[in-house]
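*Asks:* sequence first, predicted coordinates after that:
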Amino acid sequence: ADGTVIDIEETVTTLTPDATDPTQLVYTSEDGTTTTIDTNGVSVADQNDGNTVAQVTEADGTVIDIEETVTTLTPDATDPTQLVYTSEDGTTTTIDTTDDQMISTTVTTPLEEVNVALEDGGDIDINIQDADADPTNEIQTLSISGNDLTISDGNTVTLPEPTLTVTKETIGYVFAAAHTQANGTNSFNINSTVTRTAVGRYTVAFTTAHPNGASYDVTFGAQEDITNRDTRLVSVVTGTQTANGFQVMVATGDNGGTADVLVDEVWYFNTSATREVVTDVVLVTSSGSNPVTNPTTPSGTPTTDFTQNNFADAQNFSLNFNAGNNAGSTWEALISNRPYAALPTLTAVSNGSPIGITVVSQDNGDGTYNYLITGTDPLAANNPSITISGGTTGGGTGTQFGGNCTCVTFYIN
């Protein structure tokens, strides 16, 4: 309490070699008393033939090795996947360091948990549920209102406004027809059946009603009388023509004032109708006020430096022109409103040497097409002559046999 420092001490004993006699040890006790210990008579024998780890010198000067045996673990000289263990007695054991095992999975709980196991033991259960375990919250719904397409919990996009142009044409076609033998047998028929009801009398029944009701024309033909060469007269019986058919009488003309005689004879008829058919459909889409880009719109500037020498597409396709003094520039040739759907494979030469071109087309929706031919190699100097040629056009035939065509315009880049 008064700040005085007290040392806490302990005594120490020691055992040390005698400085004058290495066969003696000196023991010093806590009180400083020394005792000499004679080590003479202590004997260490060599017990084995292992590796020397230390030596003991006896009192008489004999040196004894302290030995131990050693085990080793080394790679197999012939198989790097094996280790060789050598024990103290020299016995070797080979250890396989590979551990290839099959992995298998088993469904523990459907849609919730699976077990993954190793072939030689060891497995683990894995939870495969999503974090919220709700099977429905990832489902989204698409809806459309006008041109707006919306996904639930997401965004809305405005679909392009389409313009559909439909071209129609009214055509005539055979509505019904038949070729009938004298006995009423139908040699062939279209949308109708013919039956004989009496001598020279027949009934025609349509399979489907005529679209014009009872207002339709009927064309007849008949085989002549082979014996007398008399003309057969085939006609509709007055008052029998309806949307579902008509009655027919076949007679022989007598050139007199009496009624014609009805006869059985081979005869035939046909009647037509009209229908409206679609001949072309063009769908054009646009996004807002920006229409779909026409792929044949030139990127260059119109030029009058080029001289058109010849254009032909009625047989094999050919276009020849001189490109003026525009060395180093590239060019485009727009061919407009041609009545064919495809150009042949084209090749191009400049002053007789091959040059590269690309071709794109555009359907104008009215039966005509545009083609943009672009030169991919820079123009040569001094008004080069360029010729583009190929076989016949596809999907229609051109009308130009040669000369200049106002359908071709040139552009320079």
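*Replies:* Sure thing, it's come through.
*Asks:* list the beta-bridge partners for residue 275.
*Replies:* Beta-bridge partners recorded for residue 275 (DSSP bridges): residue 171.
*Asks:* mind checking how far it is from residue 246?
*Replies:* Distance, residue 275 to residue 246, by C-beta to C-beta, to the nearest Å: 21 Å. C-betas here are computed from N, CA, C, even on glycine.
*Asks:* count the residues that sit near the closest residue to residue 117 other than its chain neighbours.
*Replies:* Counting by C-beta to C-beta, 6 or more residues apart in numbering, residue 117 lies nearest to residue 123, which is 3.6 Å off, once chain neighbours are set aside. Number of residues near residue 123 (other C-beta atoms under 10 Å) recorded here: 12.
*Asks:* can I assume residue 123 is in contact with residue 105?
*Replies:* No. Between residue 123 and residue 105 there is no contact under C-beta atoms under 8 Å: 9.7 Å.
*Asks:* give me the common contacts of those two.
*Replies:* Residues within reach of residue 123 and of residue 105 at once, by C-beta atoms under 8 Å, 6 or more residues apart in numbering, are 115, 116, 117.
*Asks:* residue contacts, the first one?
*Replies:* Applying C-beta under 8 Å, 6+ apart, one finds that residue 115 lies in contact with 105, 106, 107, 108, 123, 124, 125, 126.
*Asks:* same thing but at 6 Å, please
*Replies:* 106, 108, 123, 125 (C-beta atoms under 6 Å, 6 or more residues apart in numbering).
*Asks:* swap in residue 401?
*Replies:* Contacts here follow C-beta under 6 Å, 6+ apart; on that basis residue 401 touches 312, 314.
*Asks:* quick one: classify it as helix, strand or coil.
*Replies:* Three-state call for residue 401 (DSSP: H, G, I helix; E, B strand; the rest coil): coil.
*Asks:* distance check, it against residue 26.
*Replies:* Per C-beta to C-beta, residue 401 is found 135 Å from residue 26.
*Asks:* quick one: secondary structure of residue 379?
*Replies:* coil.
*Asks:* what does it show for phi and psi?
*Replies:* Main-chain torsions, residue 379, degrees, to the nearest 10: phi -70, psi 140.
*Asks:* what residues does stretch 118-129 touch?
*Replies:* For stretch 118-129, contacts defined as C-beta under 6 Å, 6+ apart pick out 101, 102, 108, 112, 113, 114, 115, 116, 117.
*Asks:* again, 7 Å this time
*Replies:* For stretch 118-129, contacts defined as C-beta atoms under 7 Å, 6 or more residues apart in numbering pick out 101, 102, 103, 108, 112, 113, 114, 115, 116, 117.
*Asks:* how far away from the center of its chain is that stretch?
*Replies:* Averaged C-alpha coordinates place stretch 118-129 at 38 Å from its chain's average position (C-alpha atoms, centre = their mean, to the nearest Å).
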